[in-house]
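*Asks:* Sharing a model prediction with you, sequence too.
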Amino acid sequence: MKKKRNNNRKGKQNNFAKLSIFQPQKYKFKKNCPLSGKGAPVIDYKNIKLLKKYVSENGKILPSRITSISQKKQRELSLSIKRARNLALI
């Protein structure tokens, strides 16, 4: 004899329903700041080669979440980029 399936799915959840965008991630990678530490370059408005790395093609300053720069260094970097723009170095 064949068993009849019960189509009542109220108690069961699909695997995709259990996943959430807002769940805490298991693996978080800590990025090190490339502008702090030993042998790091000095942030200066005259150092155009360094400043161009942190400016997009459109001339906008890249955010720290993309470049993995610390908050303190990001402030210094943005200030020096603005100074270089003002002096028409960039």
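*Replies:* Noted; the coordinates are in hand.
*Asks:* what number of residues lie near the closest residue in space to residue 68 that isn't next to it in sequence?
*Replies:* In space, and not counting its chain neighbours, residue 68 is closest to residue 31: 3.5 Å by CB to CB, 6 or more residues apart in numbering. Placement of C-beta: from N, CA and C, glycine included. For residue 31, the neighbour count with other CB atoms under 10 Å is 11.
*Asks:* Phi, psi for residue 31 please.
*Replies:* Recorded main-chain torsions at residue 31 are phi -90, psi 140, according to degrees, to the nearest 10.
*Asks:* Run through the helices of this protein in chain order.
*Replies:* Ranges of helices in the chain, per DSSP state H, are 15-18, 48-53, 64-67, 71-86.
*Asks:* Ranking those helices by mean neighbour count, which comes first?
*Replies:* Each of the helices of the chain was scored by mean neighbour count; the highest is helix 71-86, a mean of 16, by mean count of other CB atoms under 10 Å.
*Asks:* quick revisit: the residue nearest to residue 68 and residue 70, how far apart?
*Replies:* 10 Å (CB to CB, to the nearest Å).
*Asks:* ok, the nearest residue to residue 43 once chain neighbours are set aside to residue 83 distance?
*Replies:* Nearest non-adjacent residue to residue 43, counting by CB to CB, 6+ apart: residue 76, 4.8 Å away. Distance, residue 76 to residue 83, using CB to CB: 11 Å.
*Asks:* same deal with residue 89?
*Replies:* 8 Å.
*Asks:* joint contacts of the two?
*Replies:* residue 45 (CB atoms under 8 Å, 6 or more residues apart in numbering).
*Asks:* For residue 33, grab phi and psi.
*Replies:* phi -70, psi 120.
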